[in-house]
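Chemist: Predicted model, plus sequence, below.
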Amino acid sequence: EILPSVGGITGYGVYSETGLSISAFLPIDLHQTINTAQLFAAVQALSATSSTKVAICTDSSYVYGGAMGSARRWKVRGRRNSTGAFVPNITLWEALIVDFEKQDRVVK
């Protein structure tokens with residue numbers, strides 16, 4: 001354990017063709033999982049640009065599925081998934097959706 005109160009710490013990376021390069025650890029107040037790190041990276045990538053056309057490349061089915069529709073359905077269901085359970089990382093999902101909707105962005 002790196003931090004006794006947190007356990008292991010998860011890292012993430014964001015890279016762009018414009019030269020942006022972020023390689024960092026998740027903030028310790030976030031749940032330290034791969035899914036959280038991948039979602040956090042997508043949020044960081046979107047917030048780092050004002051471009052209306054953005055491509056996020058990920059191998060994460062979690063991020064891809066949520067970004068392509070699940071996150072909006074969760075919001076309509078009161079932050080719950082199809083089984084009725086609360087969605088983990090909901091604040092990150094909401095941040096991602098807000099960034100998608102900025103300036104009518106096209107995100108692929």
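Modeler: Looks like it came in fine. On a predicted model such as this, the values are computed, not experimentally measured, just so you know.

Chemist: CA only for contacts and neighbour counts going forward, please
Modeler: Fine.

Chemist: residue closest to the middle of this structure?
Modeler: The structure's the chain has its C-alpha centroid closest to L39; by C-alpha atoms, centre = their mean the separation is 2.3 Å.

Chemist: thinking it is in contact with E94, fair?
Modeler: No - look at L39 against E94 with C-alpha atoms under 8 Å: they stay out of range, at 10.9 Å.

Chemist: Apart from its chain neighbours, what residue comes closest to the residue nearest to the centre of the chain?
Modeler: Once flanking residues are discounted, L39 sits nearest to V63: 5.7 Å by C-alpha to C-alpha, 6 or more residues apart in numbering.

Chemist: ok, that neighbour - contacts?
Modeler: Contacts for V63 (C-alpha atoms under 8 Å, 6 or more residues apart in numbering) come out as 35, 38-39, 42.

Chemist: buried set for the longest helix anywhere in the chain?
Modeler: Determined from DSSP state H, the single longest helix within the chain is helix 34-47. Buried residues in helix 34-47, counted by 16 or more other C-alpha atoms under 10 Å: 35-46.

Chemist: same question, stretch 82-90
Modeler: Neighbour counts over stretch 82-90 (16+ other C-alpha under 10 Å) mark V87 as buried.

Chemist: List the residues that contact F86.
Modeler: Applying C-alpha under 8 Å, 6+ apart, the residues near F86 are 79-80.

Chemist: Could you do S21 as well?
Modeler: Residues near S21 by C-alpha under 8 Å, 6+ apart: 13-15.

Chemist: Who wins on neighbours among the residues you listed?
Modeler: Greatest neighbour count in these, by other C-alpha atoms under 10 Å, goes to V14: 20 neighbours.

Chemist: What residues are recorded as beta-bridge partners of it?
Modeler: Listed by DSSP bridges, the beta-bridge partners for V14 are I22.
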